[in-house]
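**Q** here is the input, now give the coordinates:
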Amino acid sequence: MAAAGEAVTLRGELSSLFKTAISSAFPAVQDAEPVVAPCNNPQHGDYQCNNAMALFGKLKGKEGAPKNPRDVATAILKGLPDNSTIQETGLAGPGFINCKISTAYLASRVNGLLKNGIQSMAPELRYKRVIVDFSSPNVAKEMHVGHLRSTIIGDTISKTLEFCGADVMRLNHIGDWGTQFGMLIEHMAELRPGGLAESRDEDVADLQQLYRAAKKRFDEEEDFKTRAREAVTKLQSGDLQSVAAWQRICAASRREFEAIYTRLGVMLQERGESFYNPMLKDTIDELKSKGVAELSDGATCVFVEGQEIPLIVQKSDGGYGYASTDMACVKQRVQDEKADWIIYVTDIGQSTHFEMVFAAARRAGYLPPKDSTQLPRVSHVGFGLVLGEDGKKFKTRSGDVVRLVELLDEAKARCTATIKSRREEAGESIDDAELDAASSAMGYGAVKYADLKNSRLTNYKFSFDAMLELRGNTAVYLLYAHARIAGIVRKSGVDIDQLVASGTQVVVEHPKERELAMALVKFPEALEDMLEELMPNRLTDYLYTLSETFSSFYTECKVLGSEQEQSRLLLVEATARIMRQCFSLLGITPLYRI
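**A** Below you'll find the model as predicted:
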């Protein structure tokens with residue numbers, strides 16, 4: 001059993017204890033994994049072991065088998081080894097084992113956090129090298145609200161993996177190659193007096209207008225369509241003017257992407273579709289030689305069981321598409337990057353595509369069989385749409401998609417007004433730099449949190465009014481809550497690090513102290529659940545619950561000036577540190593004063 005403060009969950013410790021108990025009580029039963037979960041009703045206990053009924057089913061009819069599930073549970077309890085984690089146990093119903101955790105254990109875990117640092121709370125992963133593919137905007141187009149979800153979900157998953165010790169490659173698979181560039185480059189060449197030789201710094205807004213015009217011509221003018229396809233061939237064959245134009249287009253988009261990533265505090269390594277272009281032929285040839293891909297109506301296809309439409313890895317005209325790139329991509333990430341886990345964060349509409357890509361990669365031997373526990377693992381993290389308050393796809397009044405930069409500007413502007421107003425009401429001044437930092441943290445944090453708190457699998461309604469609420473499960477409420485908690489420590493004038501170094505310990509006596517300590521100890525479980533399901537809302541749910549638990553504690557337990565001031569200050573500081581770590585994982589900048 002791990003000592004308090006080590007990187008292990010309380011749930012994990014209980015599972016280890018019950019695994020020993022089950023093996024001791026029923027040595028003939030092989031591979032009985034403990035089923036341990038929090039109690040639905042805290043009055044019954046903190047955690048519950050729910051193995052008795054399943055074990056009774058396995059043992060029924062065998063010599064010496066228990067007469068009922070409750071007898072199974074009684075035998076498990078007798079086999080439970082001595083430990084300092086569980087204070088008391090009890091049986092409920094047909095055989096549920098309820099456990100109450102020792103208050104001394106809870107205090108020791110909180111003390112371990114304060115002494116050893118927040119990193120000591122990070123659960124260990126079996127994945128050492130992880131690739132997270134997220135954001136992925138298209139070159140020559142401005143980032144819009146649809147890119148928000150992939151960017152911030154991918155960032156939170158990456159941050160959590162990094163916190164838990166993984167080496168994470170954050171890859172931005174931008175759309176920087178393909179037919180659309182021939183279309184755009186040809187239109188630019190014909191539109192501008194100097195043709196492609198007319199070198200200039202491109203602007204994304206201008207490129208987007210050019211792209212729309214080029215697309216219209218491509219759809220309506222057969223001659224232009226032919227010339228656009230010829231332009232693609234010239235680009236792919238390395239024509240100097242075509243490549244120079246393509247590089248200018250990519251550079252303009254890159255500037256716009258980086259400006260938004262900087263505002264959001266998101267780090268990404270660009271690795272667009274063009275990176276995989278030299279690998280496509282060899283990859284498709286390998287798929288054919290292995291019998292994974294076959295010719296069908298002139299196209300090279302992979303037929304996936306259960307899917308009516310095949311995965312087309314090479315078109316009948318010899319061209320390559322998304323499936324070709326994605327197959328080369330999986331191969332490169334497994335064989336060259338040595339990834340243990342590859343995570344793709346895209347809209348849920350691409351789920352079928354990725355299922356087919358993964359199935360083809362398994363047949364090719366790039367990935368282990370579907371239900372295998374072997375590495376590498378591969379996951380598609382799908383997400384729903386961002387809707388307007390009317391429940392329809394989020395658009396501007398003119399019907400255009402909402403530009404991400406405008407959305408962030410609006411959120412920041414609203415927070416600037418709110419913070420300024422509150423400071424004026426309180427008779428406090430705020431300088432421009434502090435106001436800018438606070439409104440950026442609150443505005444961008446509110447946008448991120450409003451997205452992340454929802455199940456990624458569902459659509460959600462985007463509402464500035466709802467996300468900037470001072471009450472309820474919003475970033476604004478949580479930032480204010482953190483600022484108040486930080487204010488308690490600040491007002492005490494106590495140096496917490498010196499207090500911990502002096503040997504002062506958390507003592508858990510009051511029921512609300514116990515509730516808060518239990519909430520703090522559950523932080524590693526929230527991380528485990530989030531990474532197991534790849535659901536960031538598991539982390540936001542935890543953060544909000546922790547904040548509410550602290551509020552209840554602070555209402556009933558006086559901190560400053562109480563006999564228990566030092567111990568309770570340590571509980572306050574532990575809460576602040578875990579809240580700050582949650583904010584960090586969610587990509588939100590904490591505020592100490594608002």
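**Q** show me where the stretch 301-450 of the chain has helices.
**A** Assigned by DSSP state H, counting those that start in this stretch, the stretch 301-450 of the chain shows helices spanning 322-335, 351-364, 404-425, 432-452.
**Q** how far off centre is stretch 131-145?
**A** Here stretch 131-145 is found 16 Å from its chain centre; the criterion is C-alpha atoms, centre = their mean, to the nearest Å.
**Q** quote the end-to-end distance of it.
**A** Stretch 131-145 stretches 24 Å from its first residue to its last (C-alpha to C-alpha, to the nearest Å).
**Q** which parts of it are buried?
**A** Neighbour-count burial for stretch 131-145 flags 131-145 (criterion: 16 or more other C-beta atoms under 10 Å). All C-beta atoms are positioned from the backbone trio N, CA, C, and that covers glycine.
**Q** ok, those vs I157, which is closest?
**A** Checking the buried residues of stretch 131-145 against I157 by C-beta to C-beta gives V132 as the nearest, at 5.8 Å.
**Q** am I right that the closest one is in a strand?
**A** Yes: looking at V132 with DSSP: H, G, I helix; E, B strand; the rest coil, it is inside a strand.
**Q** mind checking pLDDT for it?
**A** You'll see V132 listed with a pLDDT of 98.
**Q** so what's it up against?
**A** With contact taken as C-beta atoms under 8 Å, 6 or more residues apart in numbering, V132 is in contact with 154, 157-158, 161, 168-171, 343, 345.
**Q** was I right about T458 contacting G384?
**A** Yes: using C-beta atoms under 8 Å, T458 is in contact with G384, at 4.9 Å.
**Q** comparing these two, which residue is more hemmed in?
**A** Taking other C-beta atoms under 10 Å, T458 and G384 do not tie; G384 has more neighbours (16 against 11).
**Q** quick check: that one touching N459?
**A** Yes: at 4.0 Å, G384 counts as touching N459 under the criterion of C-beta under 8 Å.
**Q** so how many other residues sit close to D317?
**A** 8.
**Q** do you know how far the nearest residue to C301 once chain neighbours are set aside is from S492?
**A** Closest residue in space to C301, ignoring its immediate chain neighbours: P310 at 3.7 Å, by C-beta to C-beta, 6 or more residues apart in numbering. Distance of P310 to S492, given as C-beta to C-beta, to the nearest Å: 67 Å.
**Q** so who does the spatially most central residue of the chain touch?
**A** Per C-alpha atoms, centre = their mean, the C-alpha nearest to the average position across the chain is that of I157, at 2.9 Å. Residues in contact with I157 (C-beta under 8 Å, 6+ apart) are 132, 134, 343, 345, 381, 531, 534, 536.
**Q** wait, isn't F550 in contact with R484?
**A** No: assessed by C-beta under 8 Å, F550 is found out of contact with R484, at 9.4 Å.
**Q** which one's more surrounded, those two?
**A** Applying other C-beta under 10 Å to F550 and R484 shows that F550 carries more neighbours, namely 26 against 16.
**Q** mind listing what's buried in stretch 154-164?
**A** Applying 16+ other C-beta under 10 Å to stretch 154-164 flags 154-164 as buried.
**Q** and of these, the nearest to I588?
**A** Nearest member of those to I588, counting by C-beta to C-beta, is T156, at 9.8 Å.
**Q** three-state assignment of the residue in the chain sticking out farthest from the centre?
**A** Distance from the centre of the chain peaks at E63, with 49.6 Å (C-alpha atoms, centre = their mean). Using three-state DSSP, the structure places E63 in coil.
**Q** ok, N111 next?
**A** Under three-state DSSP, N111 comes out as helix.
**Q** thought it was touching V507?
**A** No: using C-beta under 8 Å, N111 makes no contact with V507, being 9.7 Å away.
**Q** more neighbours: which of those two?
**A** Legend: neighbour count by other C-beta under 10 Å for N111 and V507, higher for N111 (21 against 17).
**Q** now for the contacts of I157: which two are most distant?
**A** F134 and L531 (15.1 Å).
**Q** ok, longest helix in this structure?
**A** helix 240-264 (DSSP state H).
**Q** quick one: low-confidence parts of the chain?
**A** Scanning the chain for pLDDT under 70 picks out 1-7, 197-201, 396-399.
**Q** in it, which spans are strands?
**A** Using DSSP state E, the strands of the chain run over residues 36-38, 47-49, 86-92, 96-101, 129-133, 167-172, 269-270, 294-296, 299-302, 311-314, 341-347, 377-383, 386-387, 460-461.
**Q** and those as TSV, adding distance to Q332?
**A** Listed next are those as TSV, based on distance: least, C-beta to C-beta, whole Å:
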stretch	distance to Q332
strand 36-38	40
strand 47-49	44
strand 86-92	49
strand 96-101	47
strand 129-133	10
strand 167-172	11
strand 269-270	14
strand 294-296	23
strand 299-302	18
strand 311-314	15
strand 341-347	10
strand 377-383	13
strand 386-387	31
strand 460-461	34
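**Q** closest to G194 out of the ones you listed?
**A** Using C-beta to C-beta, the strands of the chain put strand 269-270 closest to G194, at 29.0 Å.
**Q** for the closest one, packing partners?
**A** Helices and strands in packing contact with strand 269-270 are listed as strand 167-172; criterion 3 or more C-beta pairs under 8 Å, 6 or more residues apart in numbering; DSSP states H and E.
**Q** partner strands of the strand it packs on and their direction?
**A** The pairing partners recorded for strand 167-172 under DSSP bridges are strand 129-133 (parallel), strand 269-270 (parallel).
**Q** could I get the ones you listed as JSON lines with distance to G79?
**A** Listed next are the strands paired with strand 167-172 as JSON lines, based on distance: least, C-beta to C-beta, whole Å:
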{"stretch": "strand 129-133", "distance to G79": "38"}
{"stretch": "strand 269-270", "distance to G79": "51"}
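**Q** Y320: which of those is closest?
**A** Per C-beta to C-beta, nearest to Y320 of the strands paired with strand 167-172: strand 129-133, 18.6 Å.
**Q** now the angle between strand 377-383 and that closest one, please.
**A** Here strand 129-133 runs at an angle of 30 degrees relative to strand 377-383 (axes from the mean of the first three to the mean of the last three C-alpha atoms, to 10 degrees).
**Q** residues making contact with stretch 509-521?
**A** Against stretch 509-521 from outside (C-beta under 8 Å, 6+ apart): 10, 46, 101, 103, 106-107, 109-110, 113, 506, 508, 545-546, 549-550, 552-553, 556-557, 564, 568, 571, 574-575, 578.
**Q** now which of these would you call buried?
**A** If you count burial by 16+ other C-beta under 10 Å, the buried members of those come out as 10, 46, 101, 103, 106-107, 109-110, 113, 506, 508, 546, 549-550, 553, 557, 564, 568, 571, 574-575, 578.
**Q** what about the residue nearest to C301, distance to K370?
**A** For P310, the distance to K370 - C-beta to C-beta - is 19 Å.
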